[in-house]
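> give me a model of this one.
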Amino acid sequence: MLAYVASNQSFDIVLSQIIPLLEIFANDHEPAIRQTLVEQLGPLAKYCAKNDEVGYRAILDRILPIIARLLEDTKPEVRHTSTVTLVEVANLIRPDDLGQHVLTIVLRLAHEDDKEEMRMTASELLNMLAECLGQDLCRQFVIPEVVSLAEDPVFRVRKSTALNFHNICKVGGEHELFERLMPAFVRLSKDDMYRVRRACADSLSDISKHVSDDIRVGVLVEIFLRLTQDPSKLVKQSVLQQSGMFIATLPSRAVSEIVLGHFCSMAGEPTGDMTVDTELKHYCAYCFPAVLQTIGPNRWKEVREVYHSLTKSRSVNVKQSLAASLHEIARILSDRSDLEEEFVPVFEDMIQDSEEVQMGVIKNLAVFLSLLSEPCRVSYLPVLHDILHSTNPFNWRLRQSLAVQLPELLDLPPKHEVYSMLFPLIMTLLQDPVAGVRKETYKGVAKLILMLHDLSKQSDNNKNEIYLKAVQDLDSVIRTINSLVLGETYQLRQLWLELTNRLLRELPQELFESSFLEGILRLTTDSVCNVRVAVASLLVGWEPEDYPPWVIFSELDEETINSNTNMRKRQSPWTWLLSRSEIHECIERLSNDDADVYNNIIKLQRLLPNVEFNKISCRGKKSAPGGDTLIQLKDRDSSTKFRSFKDNNEDGNISLKESNNSSRSSNSNSVNSSRRPSFEENSMTSPKRRFSIDTFPISSSPNNGVTSAMATHMTDLKYPVPPPPPSIDLPAFPPKAIEGDVEDLEELLNTLDMGRRPSSR
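This is a model prediction of the structure:
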């Protein structure tokens with residue numbers, strides 16, 4: 001592309017070799033070439049503007065004349081692109097030069113008496129450039145031209161002018177609006193051609209945003225009411241479509257019963273055309289929250305019947321709009337005592353509707369549930385499991401929406417109940433086959449651990465049932481997460497490392513060290529290169545706004561920090577993590593490894609200058625280059641927090657189900673909040689073990705495969721799970737590739753990819 005090439009050259013070369021080519025391309029006989037050229041002129045002008053006065057003169061003398069010529073092109077697509085480019089370049093021009101070099105181009109178009117297309121282009125440009133030109137130029141030149149174009153003998157020019165009033169109203173000033181612009185718009189709204197009146201109806205709400213309340217109430221409302229009685233059905237249809245957005249711009253006092261009645265008529269008065277009726281209902285549903293916000297909750301009764309009639313519509317578009325705004329309507333009416341009575345039935349219907357409607361509700365589910373009373377919202381949390389079981393497993397965006405809201409959902413139930421109510425959902429989303437869903441779950445996992453940790457600390461002085469439950473729940477969460485470290489497939493171990501990156505940012509140092517540090521040491525010696533790449537990525541995972549780990553903040557004086565803007569950063573957990581001797585040993589083990597590992601770990605060379613870093617080939621190797629010997633935690637022998645389960649269980653094997661049951665039935669006096677389970681206690685090699693991400697099979701019936709995985713996982717965790725839905729006949733996976741579907745199949749396979757390399761270990 002021309003602009004890209006120019007940005008990679010010196011300005012002298014651009015000025016001498018590239019800019020002369022513009023004239024050649026501007027005269028090309030192919031419209032596509034001319035259109036592509038004008039698309040490049042905006043970025044090229046931005047590049048020239050960076051080169052002081054010489055570049056600025058190139059814009060005025062070389063680029064703007066070409067744009068002006070292409071604005072008069074015979075092809076409408078070239079003219080439209082030139083219009084957009086002129087506005088883009090105008091923002092680079094100094095205010096003193098706008099009149100001479102930009103406005104004159106538009107005025108010349110406005111005075112093309114024999115070419116109505118040029119005058120239509122001028123009306124668009126006058127509106128688009130109004131803010132850039134400023135109030136003075138608008139008063140002297142733009143407004144007189146607009147008034148003149150509003151009286152043009154060609155109705156297409158008048159129509160274009162009616163559609164391009166709003167920005168001029170924004171800049172023109174109150175006096176000019178009253179004296180010149182509004183009279184011109186009123187004349188257009190009474191035009192003999194219905195197309196011009198329809199254009200006025202379409203622009204009514206845009207103009208109303210930029211005028212005073214006096215003009216809205218005294219002028220625009222009168223135009224609105226007159227157009228609703230227009231003899232043309234198309235004009236009446238257009239003004240009704242705009243009624244919701246227009247009402248949203250009015251002061252509450254100006255929304256009379258008559259005005260509101262026209263809005264409500266879109267849902268209740270059939271026009272005789274089903275397509276038009278459905279379209280009007282869609283507009284009504286889309287604008288309903290804005291209208292309700294304007295009139296206020298006290299007038300809910302005036303629109304209540306309309307709302308409930310819309311919820312019964314058979315149109316997916318109507319219900320989808322209502323579902324997406326359910327939380328907003330509930331928020332507006334949150335002070336009403338009958339909130340739950342009004343909207344819980346609507347919520348129940350929508351959550352069981354088609355996936356498009358479900359998606360609208362799910363995206364803002366946490367906000368809606370937070371507006372309900374605690375007993376009511378808690379009773380609906382199991383619905384989340386129903387959704388995961390009943391929806392198409394390929395609809396990963398719905399699961400991603402749930403994962404994004406996990407931090408907000410965790411605030412809904414009582415703190416001591418979050419584990420039993422939401423942990424199954426969290427683990428289901430954490431083992432989702434789509435990477436985007438899993439990544440969005442990490443923040444929810446971190447918040448759950450923090451909540452349980454804080455609850456156990458708050459109850460530490462009073463060891464009641466809540467304290468004991470918090471300790472047990474925290475222990476169970478950490479055991480389940482750490483079981484991924486010993487997963488049979490490398491994807492499980494990668495997943496743990498990606499999750500740990502988030503936990504390192506969120507958790508207190510003491511909690512992270514006692515619960516998750518050992519896993520990093522174990523996976524450093526993993527035989528799969530991808531896992532070691534994830535370890536290296538974790539060790540260098542601090543953010544750009546963090547201090548590098550080798551900068552010791554306490555040794556820097558305040559004057560040094562304040563004098564260097566690059567040092568006004570924050571300390572990160574990597575500072576203490578990379579100061580541990582065990583992590584230094586991890587770095588040494590990874591210093592001679594595969595290229596992907598090396599490209600990450602080399603960033604820590606400054607931390608260990610005496611260690612030699614090399615990239616080697618690991619192709620065909622079945623063990624880590626740094627050796628298979630596990631790195632031992634220095635304080636393991638002197639502390640009970642990493643005590644192996646073998647101390648209490650002779651065979652050393654235990655299933656997750658048995659682990660949970662034993663922790664629940666243990667004597668309360670034996671609970672030690674400082675103890676965290678070791679990874680040996682969660683061995684996934686036990687034949688009793690059933691929980692893993694591998695329980696997400698892609699079977700001949702994808703829906704049944706995913707459902708079985710979720711049900712298996714939740715059964716292992718001993719939580720109540722809704723029964724799986726009836727069997728649904730879906731195509732076998734992978735589907736047979738048919739002509740025209742190859743790209744879709746490849747996209748689907750890429751979406752379900754869980755690792756970089758197809759290795760099983």
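
> which stretches of this protein form strands?
Assigned by DSSP state E, the strands in the chain fall at 592-593, 614-615.

> now do the contacts for I143.
168, 172, 176, 180-181 (C-beta atoms under 8 Å, 6 or more residues apart in numbering). (C-beta placed from N, C-alpha, C; glycine too.)

> quick check: it vs H175, distance?
I143 sits 11 Å away from H175, going by C-beta to C-beta, to the nearest Å.

> any weak-confidence spans in the chain?
Counting by pLDDT under 70, the ranges of the chain that qualify are 459-463, 552-570, 635-761.

> L92 is nearest to which of the strands of the chain?
Distance to L92, taken as C-beta to C-beta, is lowest for strand 614-615 among these, at 46.7 Å.

> list the strands paired with the closest one, with their directions.
Strand 614-615 sits in its sheet next to strand 592-593 (parallel), going by DSSP bridges.

> phi and psi next, for G627.
Here is the backbone geometry of G627 (degrees, to the nearest 10): phi 110, psi 160.

> so who does it touch?
Counting by C-beta under 8 Å, 6+ apart, G627 touches 525, 589.

> mind checking how far it is from W496?
21 Å.

> most neighbours among the contacts of I143, which one?
Sorting the contacts of I143 by how many neighbours each has (other C-beta atoms under 10 Å) puts I168 first, at 27 neighbours.

> OK, contacts around the residue lying closest to it once chain neighbours are set aside?
In space, and not counting its chain neighbours, I168 is closest to A130: 4.8 Å by C-beta to C-beta, 6 or more residues apart in numbering. Residues near A130 by C-beta under 8 Å, 6+ apart: 138, 142, 167-168, 170-172.

> save these as a markdown table, and put in distance to D61 too.
Putting these into a markdown table (distance: C-beta to C-beta, whole Å) gives the following:
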| residue | distance to D61 |
| --- | --- |
| C138 | 26 |
| V142 | 25 |
| N167 | 28 |
| I168 | 29 |
| K170 | 32 |
| V171 | 28 |
| G172 | 31 |
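
> where along the stretch 201-350 of the chain do the helices fall?
Along the stretch 201-350 of the chain, the stretches classed as helices by DSSP state H, counting those that start in this stretch are 213-215, 221-228, 233-241, 243-247, 257-268, 274-295, 300-311, 316-332, 339-351.

> okay, these, which one's buried deepest?
helix 243-247 (a mean of 25; mean count of other C-beta atoms under 10 Å).

> with only the CA atoms kept, save it in CSV.
Provided in CSV are the C-alpha atoms of helix 243-247 (Å, rounded to 0.1, in the frame of the first residue of the first chain):
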residue,chain,number,x,y,z
SER,A,243,-40.0,8.2,18.0
GLY,A,244,-38.2,6.3,20.7
MET,A,245,-34.8,8.0,20.0
PHE,A,246,-36.6,11.3,19.7
ILE,A,247,-38.4,10.9,23.1
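
> okay if I get the contacts of I143 as a markdown table plus distance to L371?
Converted to a markdown table, the contacts of I143 look like this (distance: C-beta to C-beta, whole Å):
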| residue | distance to L371 |
| --- | --- |
| I168 | 42 |
| G172 | 42 |
| E176 | 45 |
| R180 | 48 |
| L181 | 43 |
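
> for D526, state which of those residues is nearest.
Closest to D526, out of all of the contacts of I143 and judged by C-beta to C-beta, is I168, at 66.1 Å.

> could you find the closest non-adjacent residue to K439?
Once flanking residues are discounted, K439 sits nearest to E498: 7.1 Å by C-beta to C-beta, 6+ apart.

> to clarify, my last question referred to D353.
Distances taken as C-beta to C-beta, 6+ apart place K319 nearest to D353, at 6.3 Å, with adjacent residues excluded.

> one more: Q9?
Nearest to Q9 is I18, by C-beta to C-beta, 6+ apart, at 7.2 Å.

> F25 now?
L37 is the one closest to F25 (C-beta to C-beta, 6+ apart), at 4.3 Å.

> I'd say L260 and V303 touch.
Yes: with contact defined as C-beta atoms under 8 Å, L260 counts as touching V303 (7.3 Å).

> list residues touching both of those two?
With C-beta under 8 Å, 6+ apart, L260 and V303 have common neighbours 291, 295.

> between the strands of the chain, which gets nearest to Y4?
Evaluated with C-beta to C-beta, the strands of the chain place strand 614-615 nearest to Y4, the distance being 32.7 Å.

> what does the closest one rub up against?
591-595, 597-599.

> hmm, 6 Å instead?
With contact meaning C-beta atoms under 6 Å, 6 or more residues apart in numbering, strand 614-615 is reached by 592, 595, 598.

> pull the CA atoms of stretch 1-18 into PDB?
Provided in PDB are the C-alpha atoms of stretch 1-18 (Å, rounded to 0.1, in the frame of the first residue of the first chain):
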ATOM      1  CA  MET A   1       0.000   0.000   0.000                       C
ATOM      2  CA  LEU A   2       1.200   3.500  -0.900                       C
ATOM      3  CA  ALA A   3       0.900   5.000   2.600                       C
ATOM      4  CA  TYR A   4       2.600   2.000   4.200                       C
ATOM      5  CA  VAL A   5       5.600   2.200   1.800                       C
ATOM      6  CA  ALA A   6       5.900   5.900   2.500                       C
ATOM      7  CA  SER A   7       5.900   5.400   6.200                       C
ATOM      8  CA  ASN A   8       9.000   3.200   5.900                       C
ATOM      9  CA  GLN A   9      10.900   5.700   3.800                       C
ATOM     10  CA  SER A  10      12.600   9.000   4.500                       C
ATOM     11  CA  PHE A  11      10.600  12.100   3.800                       C
ATOM     12  CA  ASP A  12      12.900  13.200   1.000                       C
ATOM     13  CA  ILE A  13      12.300  10.000  -0.900                       C
ATOM     14  CA  VAL A  14       8.500  10.300  -0.300                       C
ATOM     15  CA  LEU A  15       8.600  13.900  -1.600                       C
ATOM     16  CA  SER A  16      10.700  13.100  -4.700                       C
ATOM     17  CA  GLN A  17       9.400   9.700  -5.700                       C
ATOM     18  CA  ILE A  18       6.100   8.800  -4.200                       C
END
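
> buried ones in that stretch?
2-3, 6, 11, 14-15, 18 (16 or more other C-beta atoms under 10 Å).

> turn the helices of the stretch 201-350 of the chain into CSV, including distance to T525.
Shown next, in CSV, are the helices of the stretch 201-350 of the chain (distance: least, C-beta to C-beta, whole Å):
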stretch, distance to T525
helix 213-215, 72
helix 221-228, 74
helix 233-241, 66
helix 243-247, 63
helix 257-268, 66
helix 274-295, 56
helix 300-311, 59
helix 316-332, 49
helix 339-351, 47
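
> buried ones among the contacts of strand 614-615?
The neighbour-count test (16+ other C-beta under 10 Å) marks 592, 598 as buried among the contacts of strand 614-615.

> between the contacts of strand 614-615, which sits nearest P573?
Closest approach to P573 among the contacts of strand 614-615 (C-beta to C-beta): Y598, at 23.9 Å.

> test my guess that the residue nearest to D353 contacts M359.
No: contact status for K319 versus M359: not in contact, 11.2 Å apart, counting by C-beta atoms under 6 Å.

> and the longest helix for this structure?
Longest helix in the chain, counting residues (DSSP state H): helix 435-458.
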